[in-house]
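> Return atomic coordinates for the entry below.
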Amino acid sequence: MAFELPKLPYAYEALEPHIDAKTMDVHYNKHHATYTTNLNNAIKGTELESLPIEEIIVKGFNQTPIRNNGGGYLNHCLFWEWLTPEGQGKPSRELAEAIDATFGSFDSFKDEFSKAAASRFGSGWAWLVVKDGKLSIGSTANQDNPLMPEVGVSGYPILGLDVWEHAYYLNYQNRRPDYINAFFNVVNWDKVSELYKKHK
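Numbering: from 1, shown residues only. The predicted structure is shown next:
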């Protein structure tokens, strides 16, 4: 069964001024749509075709089209859910306590996550992951996902930030730190907390 582009849970302009409508339109309808099409083409007629995307990106990791487009498909499916027009929410008590225990404070977590996003050279992602009940922060290149083997960070991604230039350049140009700061205004902490509870 072919993968489909998921429906966005909000309008393109809903995240303004933090993420502008034109960027959302291009990011979703051009980039994510292309990853979806290319993923379907890469797995068509193979034994991977009937598997969940999480298994496809692991079993097809050594096949560049599947690694790149499978990662791109899954990363963006998650990314849209990590964003919300409401923003300014808070992690659940359980997640907040885990963040404090791991990073010292929520502000320290934000600093470390922001550093991972800002210091990723070129295109990639910053991640907050959980593995064996423990949180960690890291980054990956291109469309690699922490579920993939040997990509620099390992675990289930419960929060991620796309730092490819296509995710921010129309509005922020080369000011990636400003984009990272803006991201925290639209994080869907309900979704992040839900994923933490499910995968810890």
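> what does the domain assignment say about the chain?
Under the assignment the TED database, the domains of the chain span 21-82, 93-199.
> so which of these comes closest to residue 13?
domain 21-82 (3.9 Å; C-beta to C-beta). From N, CA and C alone the C-beta is placed, and that goes for glycine too.
> gap between the two ends of that closest one?
Taking C-alpha to C-alpha, to the nearest Å, domain 21-82 runs 17 Å from one end to the other.
> Report the distance from that domain to the chain centre.
Taking C-alpha atoms, centre = their mean, to the nearest Å, one finds domain 21-82 lying 12 Å from the centre of the chain it belongs to.
> The spatially most central residue of the chain in helix, strand or coil?
The chain has residue 160 as the residue nearest its centroid, 3.5 Å off, counting by C-alpha atoms, centre = their mean. What DSSP: H, G, I helix; E, B strand; the rest coil gives for residue 160 is strand.
> wait, what's in contact with it?
By C-beta atoms under 8 Å, 6 or more residues apart in numbering, the residues touching residue 160 are 75, 78, 79, 82, 125, 126, 127, 128.
> So which of those residues are in strands?
125, 126, 127, 128 (DSSP state E).
> number of nearby residues for residue 121?
By the measure other C-beta atoms under 10 Å, the count of residues near residue 121 is 8.
> who are the neighbours in contact with residue 164?
Residue 164 touches 123, 124, counting by C-beta under 8 Å, 6+ apart.
> Identify the residue nearest residue 172 in space, chain neighbours excluded?
In this structure, residue 172 finds its nearest non-sequential neighbour in residue 179, 4.4 Å apart by C-beta to C-beta, 6 or more residues apart in numbering.
> Now that neighbour: which helix or strand?
Element membership for residue 179 (DSSP states H and E) is helix 176-183.
> elements contacting the helix or strand following that helix?
Once the chain leaves helix 176-183, the next helix or strand it forms, by DSSP H and E, is helix 189-199. Secondary-structure packing of helix 189-199 (3 or more C-beta pairs under 8 Å, 6 or more residues apart in numbering; DSSP states H and E): helix 93-103, strand 124-131, strand 156-162.
> Just the mean pLDDT for the last one, thanks.
Per-residue pLDDT over strand 156-162 has a mean of 98.
> following it, which helix or strand shows up next?
helix 169-172.
> cool, the longest one as well?
Along the chain past helix 93-103, the next helix or strand (assigned with DSSP H and E) turns out to be helix 106-119.
> Can you tell me which of the contacts of residue 160 comes closest to residue 145?
The closest of those, once distances to residue 145 are taken by C-beta to C-beta, is residue 75, at 5.8 Å.
> From residue 104, how far out is that closest one?
28 Å (C-beta to C-beta, to the nearest Å).
> Same drill for these two, tell me which one is more crowded.
Using other C-beta under 10 Å as the criterion, residue 75 and residue 104 rank with residue 75 on top: 25 against 12.
> close enough to count as contact, that one and residue 146?
No. Contact criterion C-beta atoms under 8 Å: residue 75 and residue 146 do not qualify, at 9.9 Å.
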